[in-house]
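quick one, what's the 3D model for this:
(chains A and B)
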Amino acid sequence: MPDQSPDRVELLQGTLDMLILRTLRFGPAHGHQIAKHIRQTTKDVLQVEHGSLYPALHRLERKGCIAAKWETAKGRNRQFKYYRLTPAGKRQLSAEESDWKRLAQAIASVMWPAAAEEES
Amino acid sequence: MSKREDDLERELRDHLDLEAEEQEEAGASAKEARFAARRAFGSTALVAEQVRQAWGRRWIGDSLQDLRFALRLLGRNRGFTAGSVIPLAFAIGCLACTATIADAILFRSLGMKQPDRIAAIYTFSRAKNVFLPSNSYPDFRDVQSLGSLVEAAAAFARISVNVRISEATERMNSEVVSADYFRTTGVAPVIGRPLRAEDERPGAPPVALASYSVWQNRYGGSASVLGSVAWIDGVAFTLVGVMPRGYEGTLLDWAANPSFWIPLPQIKQMLPFFARLNYENRREVGWLMTIVRLRPGVALGQLQAAVSTLAANLPGRHDATLVALAADQARFFPGHRAATVRIVWVLVAVSAAALAIACFNLANLLLARAVAREKETAARLALGAGRLRLLRQCIAENAVLAGCACVLGLPMALGLTKAAQAFESAFGLALNLNPDPRALAASALAGLAVAVFAASAPAWAFSRIQLAGTMKGAAPAPVGRAAKLDLRDVFVAVQVACAMVAFTAAALLGQSMRKWAAIPLGYDPKGVLVGSGDTLSARIPEADRERIYRALLADLRTETRGAALAGQAMPTGQHMVADMMPDSEPGRWTLIDYNEVSDGYFKLLRIPVVAGRDVLPEDDSRSRPVAIVNQAAARLFWPGQNPVGRSLQIRLLETTDREVVGVVADARYLPLGNSQAALPIVFLPIFQNAPQVVAIHALTPGDPKSFIPALRRIVGRTVKDLPLSDVQTLEERVDAGMSQARLVSQAVAAVAAVGVLLALAGILASGAYRVAQRKREIAVRIAIGAEPARVIRAFAARGLVVGLAGSVVGLLPAVWASGLLRSSLRGIDAPGPWLFAASGLALALAAGAAGWAAARRIARLQPAAALRVQ
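Presented below is the predicted three-dimensional model:
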């Protein structure tokens, strides 16, 4: 079962918002799809805690980064709450992405100095 | 529930459904799948709570939630709700009532313009050390002439008149006012015009202004009132204006509020003897109130200096001077103000005690409940509720409690105010005690403040909750902790202290009231019925009065055990006074009370004639003028001598030289509760000075109350149309003098009763709680051989100790309160130390009994069962 994967890694604080926004770049999705997408694309390494996902979604919605709408799912006779990126969300994503890149590079240059020099 | 909450719930449910579907696709059974989905998700409630936090602005949602929760909780614990809300409502009601009375007495605007520039001028009798409502017309003219200090001055008198507007005749109060009354007070009529100087000229057509309430009630508020005619004491007055709403004269304490304002000289048309009085030129005819409007910047002291100079130059009134009083003083008749203010203070103290008792009662109950809900609270803390969040919820509960108390307290306040108003003569004031929004709001705020204060007790309890211990259940109190100070005991002790204050005050008042009731009156009111008849409204000419009065007496005596007439029924607070000069002190005029009485008056009231003779039927206008004095007057005028045969000059309409023919024993002519010194009084034969209004006294054959219709019938058949008013038994009249003391005493007794009951309930509750809490310890003690009776005694002692501590703490404020009472109400005795000792002991014993009652359940305790339960 996925939540017993030994390779589970706890999400870093503040990265969840970015992952959610990135996931929504592919199009509108509901909460379960977002969680599933993150889990699958990281091959079960990143587990999104539900206790964090939904508060994060609602927080992003309040900040205006995403918008929510009840829509009927494709091929189903049932409505789900779909979230989509807003223009503000897109800006937020690119800002967070570049921040993250800088941070990752900085960490990498401390951890693996040689590799970092080779790259640069 | 809000849409947002619905959406959230649906969203989380969808998630669980989708998760379960996935698990099912992976091959799990439906039940397993659902279970796995739930496990993966964790607590939906927790997630929902975290999402709500993400929403921000949680205060509103939380507060609503808190309120809903609080309402549900209070609805479930009816006993707790009643026990906390009712005392608080009672306290808020008391407070609102007191605030309404205080506001009406001290602060409510009387409707004058720039009232700080108004001053009142009174005559002060140095000899009797009293203020008199009696400036003469020449005095008023003198004051009016102080043009450099005084912008305008007005003289006025309030008189009781018969008013006929359409058919029925009614008795109302009116004021005759000098033309400058409107310029002085700054009052402008809402419609029509004020009175002018030309309305005072001889032969001017009679005009009057009506009060706003007369305009509304009798004329329907129509503008057609202007120009219509009202018959006042037989004179047709054309109404030329209406006073503004709520304007009821410049004085609070002069009988009922006026309904009409009439030019001063018209009194000569209304009361014929005034026409002969020549009051304009007679300085000894004192009958007017005077108010002035000071010029801007003039200090009261300057006016005082000026009127003192005026008074010093007055011929023949060496015992009187003029005194100027500021506006806030002048809303009362001077002597009354201090007493009135003190009675307000007593009421404030009483309601403060009620509030304190309710407050500590609430704190105690809340604390008890907080302890009882320790486990619930610990569980909530464990589930992740913040302490602040819990505190807010606690405050919400209290706000709901206080809100309920305010809602309940409001009708209580109205009821109490109405009851206070029913004590007619309690304040001796014509008060406008309409519910006052300011007073109600202030009281509601006080109630809320109490609730917030009371909430701090359970908050303190929360802060001490030890999660682990409480959750494990019953950390049993170690035996040694029994002696530790318990906050609940402190609260109960404070309640006992408050109750002690109210209790001693109630005991003191009760003692004084009993004593008053036992004071010999000097006359016997039993079986006497009194009513007053007005010959003027029956259009009886003055010359016919004697004949009518004689006929009335003769007719009354055929059906009663005795009948008599008097100018005024006693006891009364408003006596007639006249300047008198005994032959022992030539040239020295003194103001003395007098009353006109018929023959049979002293016999009817069983007042003994101690020297000389009684009034005889033959004492009339044709015979020699005589007077009868009481012993106090005899002592004042002829100390150590026999007054019979001496002469006494009395200035009424004319000055007459009267021979003193008798002395009667002293009696209490002032209402009970007034000074107990005997009042000097002079009696004149009624047919030598026949008054316009007579008090008809009848000694009835049976119960005086049931004789009322008979009295009306007899009076009606003798004198056609003589209206009979103020019919009451003499015993009721005597009793009315105690109404102020009775109002205070009943209020104090009610607060004392509530306070004592609540304090005892508090002791009972805390004792029961302590027994329940330490069941196991008690069971162990009994199991290893302790006698139940001894254990009970140990627990009961706690109540006694708390009661004693409260009594001791309450001692000092109780002594202070009794001092306040003594300075506020006349005739309250100094309390003996035994009163405090007995009250304290009684309360402590009651507390001990409550503690014992609570501990008695120990005897029913089955040690084995108790040990098994825990």
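
which parts of chain A are helices?
A:15-24, A:31-41, A:50-63, A:87-111, A:113-119 (DSSP state H).

go through these and name the closest to residue B:839.
Smallest distance to residue B:839 across the helices of chain A (Cβ to Cβ): 62.1 Å, for helix A:50-63. Where C-beta positions appear, they are placed from N, C-alpha and C, glycine not excepted.

export the helices of chain A to a markdown table and tack on mean neighbour count?
Below are the helices of chain A laid out as a markdown table (neighbours: other Cβ atoms under 10 Å in any protein chain shown):
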| stretch | mean neighbour count |
| --- | --- |
| helix A:15-24 | 20 |
| helix A:31-41 | 19 |
| helix A:50-63 | 20 |
| helix A:87-111 | 13 |
| helix A:113-119 | 10 |
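
mind telling me which of these the model trusts least?
Ranked by mean pLDDT, those end with helix A:113-119 at the bottom, a mean of 60.

next one: the most centrally placed residue in chain A relative to chain B, how far apart?
The C-alpha lying nearest the average C-alpha coordinate of chain A belongs to residue A:19 (Cα atoms, centre = their mean; 1.5 Å). Counting by Cβ to the nearest Cβ, to the nearest Å, the gap from residue A:19 to chain B is 17 Å.

quick one: buried residues of whichever strand or helix holds residue B:781?
Assigned by DSSP states H and E, residue B:781 falls within helix B:775-783. By 16 or more other Cβ atoms under 10 Å in any protein chain shown, the buried positions in helix B:775-783 come out as B:775-782.

quick one: whichever helix or strand comes after it to helix B:775-783, angle?
Using DSSP H and E, the helix or strand that directly follows helix B:775-783 along the chain is helix B:788-824. Helix B:788-824 runs at 130 degrees relative to helix B:775-783, counting by axes from the mean of the first three to the mean of the last three Cα atoms, to 10 degrees.

quick check: bridge partners of the closest residue in space to residue B:258 that isn't next to it in sequence?
Leaving aside its chain neighbours, residue B:258 sits nearest to residue B:175 (4.4 Å; criterion: Cβ to Cβ, 6 or more residues apart in numbering or on different chains). Going by DSSP bridges, residue B:175 is paired in beta bridges with residue B:158, residue B:261.

and residue B:175, how many neighbours?
Neighbour count of residue B:175, defined by other Cβ atoms under 10 Å in any protein chain shown: 24.

which residues of chain B lie near chain A?
Proximity of chain B to chain A (Cβ under 8 Å from any Cβ of the partner chain) is limited to residues B:7, B:10-12, B:14-15, B:18-19, B:22, B:36, B:40-42, B:46-47, B:50-51, B:53-56.

show me how to select, in PyMOL, the buried members of the residues you listed.
Remark: buried members of the residues of chain B next to chain A, expressed as a PyMOL selection using 16+ other Cβ under 10 Å:
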select buried, chain B and resi 11+12+14+15+18+19+22+36+40+41+47+50+51+54
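
thinking again about what came up before, wait, which of the helices of chain A is closest to residue B:539?
Closest approach to residue B:539 among the helices of chain A (Cβ to Cβ): helix A:50-63, 87.1 Å.

let's test this: name the helix or strand in chain B with the lowest mean pLDDT.
helix B:467-472 (a mean of 56; mean pLDDT, DSSP states H and E).

wait, residue B:228 touches residue B:219, no?
Yes: between residue B:228 and residue B:219 there is a contact at 7.2 Å, judged by Cβ atoms under 8 Å.

okay, these two: which has more neighbours?
residue B:219 (18 against 14).

which ones are touching the more buried one?
Shown in contact with residue B:219 (Cβ atoms under 8 Å, 6 or more residues apart in numbering or on different chains): B:210, B:225, B:228.

so for it, what pLDDT did the model give?
Value listed for residue B:219 in the pLDDT field: 89.

for residue B:382, same thing?
Residue B:382 carries a pLDDT score of 71 in this model.

and if you look at residue B:633?
For residue B:633, the predicted pLDDT is 92.

and it, what helix or strand is that in?
According to DSSP H and E, residue B:633 maps onto helix B:631-637.

for the residue nearest to the centre of chain A, which non-adjacent residue is closest in space?
Using Cβ to Cβ, 6+ apart and skipping the chain neighbours, the partner closest in space to residue A:19 is residue A:38 (5.5 Å).

ok, so what distance separates the one you found from residue B:22?
Residue A:38 sits 15 Å away from residue B:22, going by Cβ to Cβ, to the nearest Å.

after the host helix or strand of residue B:120, which helix or strand is next?
Element membership for residue B:120, per DSSP H and E: strand B:118-125. Next helix or strand after strand B:118-125 toward the C-terminus (DSSP H and E): strand B:130-132.

name the residues that touch that following strand?
Contacts of strand B:130-132 (Cβ under 8 Å, 6+ apart): B:122-125, B:286, B:320, B:323, B:333-335, B:577, B:591.

of the residues you listed, keep whichever come out buried.
Buried among the contacts of strand B:130-132 by 16+ other Cβ under 10 Å: B:122-125, B:286, B:320, B:323, B:333-334, B:577, B:591.

and those as JSON lines, adding pLDDT?
Below are those laid out as JSON lines (pLDDT from 0 to 100):
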{"residue": "B:122", "pLDDT": "85"}
{"residue": "B:123", "pLDDT": "84"}
{"residue": "B:124", "pLDDT": "82"}
{"residue": "B:125", "pLDDT": "76"}
{"residue": "B:286", "pLDDT": "80"}
{"residue": "B:320", "pLDDT": "71"}
{"residue": "B:323", "pLDDT": "81"}
{"residue": "B:333", "pLDDT": "71"}
{"residue": "B:334", "pLDDT": "70"}
{"residue": "B:577", "pLDDT": "77"}
{"residue": "B:591", "pLDDT": "78"}
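
next, give me the two most distant ones among those residues.
Every pair of these checked by Cβ to Cβ; the farthest is B:323 and B:577, at 17.6 Å.

quick one on the thing from earlier: quick check: next helix or strand after the helix holding residue B:633?
strand B:647-651.

what's downstream of the longest helix belonging to chain B, the next helix or strand?
Secondary structure of chain B per DSSP H: the longest helix is helix B:334-372. Sequence order places helix B:374-382 as the next helix or strand after helix B:334-372, per DSSP H and E.
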